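S.K.: Let me see the structure of the following:
(chains A and B)
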There are 2 protein chains.
Amino acid sequence: MKGNAIIGQSGGPTSVINASLCGVIEACRQVADIENAYGMRFGIQGFMEENLINLSAEDAAVIKGLRSTPGSALGSCRYKVQEADFARIIEVLRKYNIRYFFLIGGNDTMDTIHRVEAHCQAAGYNLIGVGVPKTVDNDLFGTDHTPGFGSAARYVALSVRQAGWLARDMQKVDQFVVFQTVGREAGWLAAASALARTQEGDAPHIILMPERPFDKDKFLGWVQAAYDRWGFVSVVVGEGVCYADGRPVSASETTDRFSNIEFGAMGGASAATALHRMIADTFGWRGEFQITESLPMCGADRASKADIDEAYACGAKAVELAAQGVTGVMVSIVREASTPYSVQLKTAPLSDVAVRAKPMPDAFINAEGNDITPAFLEYVRPLVGDLPDYGRLTNITVS
Amino acid sequence: MKGNAIIGQSGGPTSVINASLCGVIEACRQVADIENAYGMRFGIQGFMEENLINLSAEDAAVIKGLRSTPGSALGSCRYKVQEADFARIIEVLRKYNIRYFFLIGGNDTMDTIHRVEAHCQAAGYNLIGVGVPKTVDNDLFGTDHTPGFGSAARYVALSVRQAGWLARDMQKVDQFVVFQTVGREAGWLAAASALARTQEGDAPHIILMPERPFDKDKFLGWVQAAYDRWGFVSVVVGEGVCYADGRPVSASETTDRFSNIEFGAMGGASAATALHRMIADTFGWRGEFQITESLPMCGADRASKADIDEAYACGAKAVELAAQGVTGVMVSIVREASTPYSVQLKTAPLSDVAVRAKPMPDAFINAEGNDITPAFLEYVRPLVGDLPDYGRLTNITVS
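M.R.: Predicted coordinates for the structure are as follows:
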């Protein structure tokens, strides 16, 4: 089907969402039926305002540079498409003869493609819609993992390792450190901090994931035990951790336009500050909390190579599928093996992906609910790649 | 003078304090008069407890590895030496026949060396004491800059650049971002964020340094102007920023609606949360704050090459001076030129360094007090080195 393609980016960025964009654009150049690859500025909102740019007219070197550029180069949005919007969307599609519709995003984005596609079908307008997965949270259904997760996980693991080295050496001054990761529903990023360890006693000592209810007494017991054993305590907490009754550990909460509860810096309160206060009040220790918020989503210099490559490949695959007439799917990463690591790119129906989130499976969380299992390490290691290791003195006592 | 050397690390770490340690140890191996290089575990506190290790017995590869290892490998402390401690200190010096005394640290550390040296002289015990400068805050008197600053500055500039790319692309969702740097007295690190920019409109738009009083109305005016011009606002704030009456900005918002939350990574308050609240309340915008605390002090993968080299050289120079019988000084970096960058290592009297802090000079801060001057960029650029640049789409409108 001859026509133009449109590409959009939606939701929060990752360090590699522009690599996916690069993959889509470069692949579009190889498809004879695709005349021009257009970009929608600021997602579907910009699309409805005809805020469109011609990516086919960009210099090839600029497009190539996207592979290592943070942010969402097209501009992003979090607009929830209303039923009343579809007439306008179809109008713009027709006006620009757009027949290929690609969005790079998470659940909400896949839902948008799904609904646009259905409305086009009902209106008798032929459109092929394919989604490219993206989220640092890794909670997207229908794929082994999401592009963006590996790089954010690498940022988190590296930060927790470095901060752990520091905390070990500063234990006579500060007794604890709390590092908060994003991730409202799922603990994938908090869990990935386990990669920071290379020997027993290394940070992190406690990993709190939203998949397990927070119990203050148990938590303080774990803190005491870690301190007694290692002389300092490193805690990693996923922002969405809640008490058994569903109350977030963060002191207050607000909701965004998708009725998602906002944690951390957006909501003005955070799990890290709450835990920090809890530990300081209970033990009288000094410590610090680290709230990096979206920095792991844009730390391009710390991106995982596997992640960049997969993000690009997912973008290119979406175009390949579309050129074959495949529609209504998201590109899906299917793992064939962890050692040596290999994946295949397949598809998942948009309808499945749109409505479900993927928490950490029980097999990845330890019985106490304060750490991960070896199975998780096997899962996550190839996504993150090697981390720099650091020297340790033998500490030979002077006799 | 034949005898042993002792080396200690004090205060907060930097990404390169272990490079200085490496420099001291490797240089000690070249000095015939120095029999063994000992390390004090956890600074002068550990020294008094005879918590000493033999660094000369460590494998050369382990010592070399310190050059790229974060943390303070010997362990650190913040203990202020009391008059009553000196008898014990001299006792331990005598017991281990220590004649060379090296500490890597900031003002307080230089004060410690100075006093130890004076007490030894009074007690008729021959000791050579040389200080190696260190602090990410860059507020040490008697040196052009301090080892550790360039690497922390690089971390800050890189983070603000990456977060700026993200904020630009997310402006339809979030309108502002506040990044907080450490630095209670001086704005050197906040100022270094200016290196994030490569063209007009790039983050940061507003830089708040403790050297200038905070004025809420002016600040909100700057925020509005930046938003009107660029569509989003990036603010960088040094943690120690105060109102004209000396009240910290961090304390200003902790009493009303967030009285139940303990802000600030050390259990105190945070300027970033206060500014975040101020902007959100005034404009009704969404935004985030980023509090990285000590992460820029240990981000070894982001260290500046010039900084690593200088940190190592300062350590080696301290030993060279000591071997020549020079005592009572701190190694000082004297800049000869910025373009091309060249320095010489000289000395500053410990007595001068110990008691003074170095704020940003007026010539480095703009008239409005919300940004830096070109002279500061010339000063800071060689310390930080090149930063990765990122791609920008031309955004060719579809006709």
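S.K.: now the helices: where do they sit in the stretch 1-150 of chain A?
M.R.: For the stretch 1-150 of chain A, the helices defined by DSSP state H, counting those that start in this stretch cover A:17-28, A:43-48, A:60-65, A:86-95, A:107-123, A:149-169.
S.K.: same question but for the stretch 151-300 of chain A, I mixed them up
M.R.: Secondary structure of the stretch 151-300 of chain A by DSSP H, counting those that start in this stretch: the helices cover A:188-192, A:216-230, A:271-283.
S.K.: Then A:Ser332 would be within a helix, right?
M.R.: No - when DSSP: H, G, I helix; E, B strand; the rest coil is applied, A:Ser332 is found to be strand, with no helix at that position.
S.K.: The closest residue to chain B within the stretch 251-399 of chain A sits in which helix or strand?
M.R.: Nearest residue of the stretch 251-399 of chain A to chain B: A:Gly391, at 3.0 Å (C-beta to the nearest C-beta). C-betas here are computed from N, CA, C, even on glycine. Using DSSP states H and E, A:Gly391 sits within no helix or strand.
S.K.: Setting the sequence-adjacent residues aside, check what's closest to it.
M.R.: Nearest-residue entry for A:Gly391: B:Gly65, 3.0 Å, with adjacent residues in sequence omitted and distances by C-beta to C-beta, 6 or more residues apart in numbering or on different chains.
S.K.: what do you get for A:Met1?
M.R.: Using C-beta to C-beta, 6+ apart and skipping residues adjacent in sequence, the residue nearest A:Met1 is A:Arg99, 5.1 Å away.
S.K.: In contact with that neighbour, which residues are there?
M.R.: A:1-5, A:126-128 (C-beta atoms under 8 Å, 6 or more residues apart in numbering or on different chains).
S.K.: per-residue confidence for it?
M.R.: Predicted confidence (pLDDT) for A:Arg99: 98.
S.K.: Where does pLDDT dip in chain A?
M.R.: Within chain A, the ranges that satisfy pLDDT under 70 run A:251-269.
S.K.: The same query, at a cut-off of 90, please.
M.R.: A:183-185, A:250-270, A:273, A:277, A:352-358, A:399 (pLDDT under 90).
S.K.: Can you show me the strands along it?
M.R.: With DSSP state E as the criterion, chain A has strands at A:3-9, A:34-40, A:52-54, A:98-105, A:128-133, A:176-181, A:206-208, A:233-238, A:254-255, A:261-262, A:287-291, A:329-338, A:341-349.
S.K.: count of residues packed around the closest residue to A:Tyr155 other than its chain neighbours?
M.R.: Of all residues not flanking A:Tyr155 in the chain, A:Pro296 sits nearest, at 3.7 Å (C-beta to C-beta, 6+ apart). By other C-beta atoms under 10 Å in any protein chain shown, the residues close to A:Pro296 number 26.
S.K.: Wait, A:Pro296 touches A:Val136, no?
M.R.: Yes - between A:Pro296 and A:Val136 there is a contact at 6.6 Å, judged by C-beta atoms under 8 Å.
S.K.: Common neighbours of those two, please.
M.R.: Shared contacts of A:Pro296 and A:Val136, counting by C-beta under 8 Å, 6+ apart, come down to A:151-152, A:182, A:189.
S.K.: Point out the residues in the stretch 1-150 of chain A that sit beside chain B.
M.R.: Counting by C-beta under 8 Å from any C-beta of the partner chain, the stretch 1-150 of chain A comes close to chain B at A:9, A:12-13, A:18, A:36, A:38-39, A:41-43, A:45-46, A:50, A:52-55, A:57-59, A:62, A:65-66, A:68-79, A:96.
S.K.: Can you say which of the residues you listed are buried?
M.R.: Buried subset of the residues of the stretch 1-150 of chain A next to chain B (neighbour count, 16 or more other C-beta atoms under 10 Å in any protein chain shown): A:9, A:12-13, A:18, A:36, A:38-39, A:41-43, A:45-46, A:52-55, A:58, A:62, A:65-66, A:68-79, A:96.
S.K.: Can you tell me which of the strands of chain A is nearest to B:Gly201?
M.R.: Proximity to B:Gly201 (C-beta to C-beta) singles out strand A:52-54 among these, at 18.0 Å.
S.K.: Counting by contacts, list what the closest one packs against.
M.R.: strand A:34-40 (3 or more C-beta pairs under 8 Å, 6 or more residues apart in numbering or on different chains; DSSP states H and E).
S.K.: ok, the strand it packs on: who's next to it in the sheet?
M.R.: Partners of strand A:34-40 in the sheet, by DSSP bridges, are strand A:3-9 (parallel), strand A:52-54 (antiparallel).
S.K.: so which of these gets nearest A:Ala163?
M.R.: Within these, the stretch nearest A:Ala163 is strand A:3-9; the backing value is 31.0 Å (C-beta to C-beta).
S.K.: do stretch A:222-238 and chain B meet?
M.R.: No - applying C-beta under 8 Å from any C-beta, one finds stretch A:222-238 separated from chain B by no less than 9.7 Å.
S.K.: quick one, domains of chain A?
M.R.: Taking automatic domain parsing as the reference, chain A has its domains at A:3-147+A:301-355, A:152-298+A:359-384.
S.K.: How many neighbouring residues does the nearest residue to A:Leu383 once chain neighbours are set aside have?
M.R.: Closest residue to A:Leu383 apart from its sequence neighbours, by C-beta to C-beta, 6+ apart: A:Gly150 at 3.7 Å. Using other C-beta under 10 Å, A:Gly150 is surrounded by 30 other residues.
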